[in-house]
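[1] Got a sequence here, can you build the structure:
(2 chains)
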Amino acid sequence: MTMKELSLNILDIAQNSISAGASLIEITIVEDDETMTISVKDNGCGMSKELRESVSDPFTTTRKTRKVGLGIPFFSLAAMQTGGNLEIDSKTAEEDPSGHGTTIKALFYKNHIDFTPLGDIISTLCTLIQSCKDYDIVFIHEFADGSKVSADTRDFKEALEGMPLDNPEVLMWIRGYIAEQYEK
Amino acid sequence: MKSLAELAEIRNKMKDKVSLREGSNDIRIVVGMATCGIAAGARPVLNTLLEEISDKGLSDIATVSQTGCIGICQYEPVVEVYQSGKDKVTYVKMTSDKAKRVVEEHIKNGKPVTEYTLKESE
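    All right, here's what the predicted structure looks like:
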């Protein structure tokens, strides 16, 4: 049992980056004819060695409300059921004062019958951008034919000169900006 | 083709408006966006809330934000409405359609939709 779309897993994993206090979250999707690699990289507080090793276990979680944390296990399962895998690279500030943070990288085989569709990635990005006052999102989606879709909230913030990104007209513009790139 | 200059245009337009959205926001709408919420369908609920509030011109009185696990995962998607001077209202098992009603009846007209609340579901 996993989420219906990979874009929902991406939203979920990115929430971890936000909880980790990241100021920059890089979401990258790279496709070739057979595979899709999704990575979520942040500069947040990172995970200790013990947490890193147990985080794919559903009974490991940092939340206090429940004893189960399913975000990473779900993403890992979605990748593995296509014959792919999930890699976790993480360093705490103690281990690496200038390079702390976590990168979650998942490999999917698109032609496998159990490949979950990417789904509505634009809604996922808009959901993350709606609350991005304290962090920035850099998104890149590279296709097999070499074409690319990208969005960087730092560019948006620069153009807006301090006006919040959660203004409805701004959000609508950003949604259109990304949608237009996908249409090409 | 959209250009970043259009964003600067939007900003310039807003600069001339009296309130730049700080200050009079009396109502805080919080949507659960942890794994439980996302899996249960919180993303479209959030989008609908944002659209409805914008379309009905309620952006000056209500803000929408996201939160982690609230602790009542079986009731997700959960939407909490905070208003100064009033009790918190917790909406459970929300959908886009229910969100539309909540914005119209509760946010706009001040009458919580009690049949969607936690108390009614327990």
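[2] Around chain B, pick out the residues from chain A.
    A:3, A:8, A:11-12, A:15, A:19, A:63, A:65-66, A:69-71, A:74, A:120, A:123-124, A:126-127, A:130-131, A:155-156, A:158-161, A:163-164, A:166-173, A:176-177, A:180 (C-beta under 8 Å from any C-beta of the partner chain). All C-beta spots, glycine's among them, are computed from the backbone N, C-alpha and C.
[3] In helices, which of those appear?
    Among the residues of chain A next to chain B, the residues falling in helices (DSSP state H) are A:8, A:11-12, A:15, A:19, A:71, A:74, A:123-124, A:126-127, A:130, A:155-156, A:158-160, A:168-173, A:176-177, A:180.
[4] PyMOL command for the buried members of those residues?
    This is the PyMOL syntax for the buried subset of these, where burial follows 16 or more other C-beta atoms under 10 Å in any protein chain shown:
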select buried, chain A and resi 8+11+12+15+71+74+123+124+126+127+130+156+159+160+168+170+171+173+177
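[5] Could you tell me how many residues sit around residue 103?
    Assuming you mean chain A. Applying the criterion other C-beta atoms under 10 Å in any protein chain shown, we find 18 residues in the vicinity of A:Thr103.
[6] my bad, the chain I had in mind was chain B
    B:Val103: 23 neighbours (other C-beta under 10 Å).
[7] Now do the same for residue 100: its pLDDT.
    As the question left the chain open, I've gone with chain A. Turning to A:His100, the model gives it a pLDDT of 96.
[8] Can you look at chain B instead?
    97.
[9] Please identify the helix or strand for it.
    Taking DSSP states H and E as the criterion, B:Lys100 maps to helix B:96-102.
[10] Provide a list of residues in contact with the spatially closest residue to B:Val102 that is not a sequence neighbour.
    In space, and not counting its chain neighbours, B:Val102 is closest to B:Val113: 5.4 Å by C-beta to C-beta, 6 or more residues apart in numbering or on different chains. For B:Val113, the contacting residues are B:91, B:98, B:101-102, B:105-106, by C-beta atoms under 8 Å, 6 or more residues apart in numbering or on different chains.
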